[in-house]
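**Student:** okay, predicted coordinates and the sequence, questions at the end:
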Amino acid sequence: MSGDRVLLALGPVAALFDRLGITWHVGGSVASTTFGTARSTLDVDIAADVRLEHVDAIVAALRVDYYADGDLIRDAVRHRTCFNLLYLRAYFKVDIFVPPDTRYARMAMSRSVRRELRVGDVAAVFPFATPEDVALHKLDWWQQAGGSERQWADLMGLLRAQRGRLDLAYLREWAAALGLTAEIEQALHEAM
């Protein structure tokens, strides 16, 4: 993982989101690396319940060190999609996913766990999606990408590293709700 750039780019965004009262957590490859197998990454993914009333404050607070387009952020909030912030000092992206208003998305956001992200002697604690929710998202992204090898490798690394600690009932319940029953069973079989 490009850890130093992750910490540099994530720190100010995390502090701002906390100050604004935005519910958020780290997901994607940074989360799968934290709970599974390490790999380099070109961005950090965050799920964040950004609202329209937050947009001007985000743009104003980050305007010196980040490229943040208020119109793109507003559009992502309205459509509950994704926008990105570009950390200019390290040319590193922070991808912000505004979660859909679904039962699963609300559940996943409510289950966040705090974990340390360490690079050498520098460390910070951030909220992360749980290993189960990271696995479900990786599986969904794998399926949407038509079988992405990178997503599958991340999923396998996470499932193997978390063997014996995963809430399998939760995984299976939400995989069924998301239409991923066969896929989660295949992944569990291959990883275990």
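**Tutor:** Done, it's in. Numbers count the residues shown, from 1 in each chain.
**Student:** C-alpha coordinates for the helix or strand bottoming out on mean pLDDT in the chain, PDB please?
**Tutor:** Sorted by mean pLDDT, DSSP states H and E, the helices and strands of the chain end with strand 113-119, the least confident at a mean of 91. Output of strand 113-119 as PDB, limited to C-alpha atoms (Å, rounded to 0.1, in the frame of the first residue of the first chain):
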ATOM      1  CA  VAL A 113     -14.800  -0.400  13.600                       C
ATOM      2  CA  ARG A 114     -11.800   1.700  14.600                       C
ATOM      3  CA  ARG A 115      -8.400   0.500  13.400                       C
ATOM      4  CA  GLU A 116      -4.900   1.800  13.300                       C
ATOM      5  CA  LEU A 117      -3.300   2.600  10.000                       C
ATOM      6  CA  ARG A 118       0.400   2.600  10.400                       C
ATOM      7  CA  VAL A 119       3.200   3.600   8.100                       C
END
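**Student:** which other helices and strands does it contact?
**Tutor:** On a contact count with 3 or more C-beta pairs under 8 Å, 6 or more residues apart in numbering; DSSP states H and E, strand 113-119 meets helix 3-20, helix 28-35, strand 122-128. No exception for glycine: its C-beta is placed from N, CA and C like everyone else's.
**Student:** repeat the analysis, applying 6 Å as the threshold.
**Tutor:** helix 3-20, strand 122-128 (3 or more C-beta pairs under 6 Å, 6 or more residues apart in numbering; DSSP states H and E).
**Student:** could you dump these to TSV with mean pLDDT, mean neighbour count and distance to Gly36?
**Tutor:** Below are the helices and strands packed on strand 113-119 laid out as TSV (pLDDT from 0 to 100; neighbours: other C-beta atoms under 10 Å; distance: least, C-beta to C-beta, whole Å):
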stretch	mean pLDDT	mean neighbour count	distance to Gly36
helix 3-20	93	18	15
strand 122-128	94	16	12
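**Student:** and these as TSV, adding distance to Asp56?
**Tutor:** Listed next are the helices and strands packed on strand 113-119 as TSV, based on distance: least, C-beta to C-beta, whole Å:
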stretch	distance to Asp56
helix 3-20	11
strand 122-128	24
